[in-house]
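K.L.:
I would like to see how this sequence folds:
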Amino acid sequence: MLEHKGLSSFYIKLLAAITMLIDHIGAVLYPDVDWLRAIGRISFPLFVWLLVQGEAHTRNIWQYGLRLALLGLISQPIYQITFGATDLNILFQLLIGLICLRLVRQWPQLQILVWLAGAAATEVLNTNYRSYGIVLVLLTYYFRPNFVWCLAWVGFHLVWARAVGPFQLPAAVIPLFFFWANGQRGPKARWFYAFYPGHLALLALIERGIGVPGG
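P.N.:
Alright, predicted model coming up:
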């Protein structure tokens, strides 16, 4: 199935999109079905992996950031309607993560300050995953395929689960997918970011019974 052994970025995008869809189907249509939400915990760390890889290889960081910002703005009212939410959607979370990644690359001597500022910004702006999301960006940026890194990832999720609750605990298995990544781009996925507002709009319509046979 794969030209190279392991998962290309295309297949990671596909997996991230599918697990996000499953998560949001659970959140919007079947809020009492916990296993749908558990599967969805895999999605965000995969988006973070793609963000870190994208920042490292993009030829135009400004265009990358602008795309996230514009899609975030387009998605925000759809996100709020679909979930009845007041926080900022995941694309703004990723945008702050992207800024942190580039600042750390440009000024590594300030990396601790950058990560702290990024975490604070997500809390103040009330983005979807807040400081948890920035810690995931940090851990993914420093990813190494070894026991120490895995211990840091799993340990963080155990501490987080004890402090906040077990909701994100399934994300502790994500290093398995990182190990399988082969660094190849794979087929283009021009649909990827547009999938976010598109599937949210569809779920909102289904939830309200519009466009559903007999609805």
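
K.L.:
Now residue 168: closest residue in space that isn't a chain neighbour?
P.N.:
The shortest distance from residue 168 to any non-neighbouring residue, by C-beta to C-beta, 6 or more residues apart in numbering, is to residue 41 (5.7 Å). Just so you know, the C-beta spots here come from the backbone N, C-alpha and C atoms, and that holds for glycine as well.

K.L.:
That neighbour contacts residue 169, correct?
P.N.:
Yes. Residue 41 is within contact range of residue 169, at 7.4 Å (criterion: C-beta atoms under 8 Å).

K.L.:
And these two? Which one has more around it.
P.N.:
residue 41 (20 against 16; other C-beta atoms under 10 Å).

K.L.:
Pick out the residue closest to the middle of the chain.
P.N.:
residue 44 (2.9 Å; C-alpha atoms, centre = their mean).

K.L.:
helices or strands up against the helix or strand residue 93 falls within?
P.N.:
For residue 93, the host element (DSSP states H and E) is helix 90-106. Counting contacts by 3 or more C-beta pairs under 8 Å, 6 or more residues apart in numbering; DSSP states H and E, helix 90-106 packs against helix 43-57, helix 61-83, helix 111-125, helix 130-141.

K.L.:
Using CSV, write out every CA atom in the lowest-mean-pLDDT helix or strand in the chain.
P.N.:
Lowest on mean pLDDT, DSSP states H and E among the helices and strands of the chain sits helix 175-180, with a mean of 92. The C-alpha coordinates for helix 175-180 follow below in CSV (Å, rounded to 0.1, in the frame of the first residue of the first chain):
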residue,chain,number,x,y,z
PRO,A,175,4.3,7.6,19.9
LEU,A,176,3.4,4.4,18.0
PHE,A,177,2.3,6.5,15.0
PHE,A,178,5.3,8.8,15.3
PHE,A,179,7.6,5.8,15.1
TRP,A,180,5.8,4.6,12.0
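
K.L.:
Show the subsequent helix or strand relative to it.
P.N.:
For helix 175-180, the succeeding helix or strand toward the C-terminus, using DSSP H and E, is helix 195-207.

K.L.:
how many degrees apart are that next one and helix 61-83 in direction?
P.N.:
Going by axes from the mean of the first three to the mean of the last three C-alpha atoms, to 10 degrees, helix 195-207 is angled at 10 degrees with respect to helix 61-83.

K.L.:
buried stuff in helix 195-207?
P.N.:
For helix 195-207, the neighbour count (16 or more other C-beta atoms under 10 Å) marks 196, 197, 199, 200, 201, 202, 203, 204 as buried.

K.L.:
mind listing what the fifth one touches?
P.N.:
I take that to be residue 201. 78, 82 (C-beta atoms under 8 Å, 6 or more residues apart in numbering).

K.L.:
go with 10 Å
P.N.:
If a contact means C-beta atoms under 10 Å, 6 or more residues apart in numbering, then residue 201 has 75, 77, 78, 79, 81, 82 as its contacts.

K.L.:
again with the second one
P.N.:
For residue 197, the contacting residues are 71, 72, 74, 75, 76, 77, 78, 79, 82, 89, 91, by C-beta under 10 Å, 6+ apart.

K.L.:
separation between residue 54 and residue 160?
P.N.:
Note on residue 54: its distance to residue 160, by C-beta to C-beta, to the nearest Å, is 25 Å.

K.L.:
any low-confidence regions in this structure?
P.N.:
The model of the chain has pLDDT under 70 over residues 1-4, 210-215.
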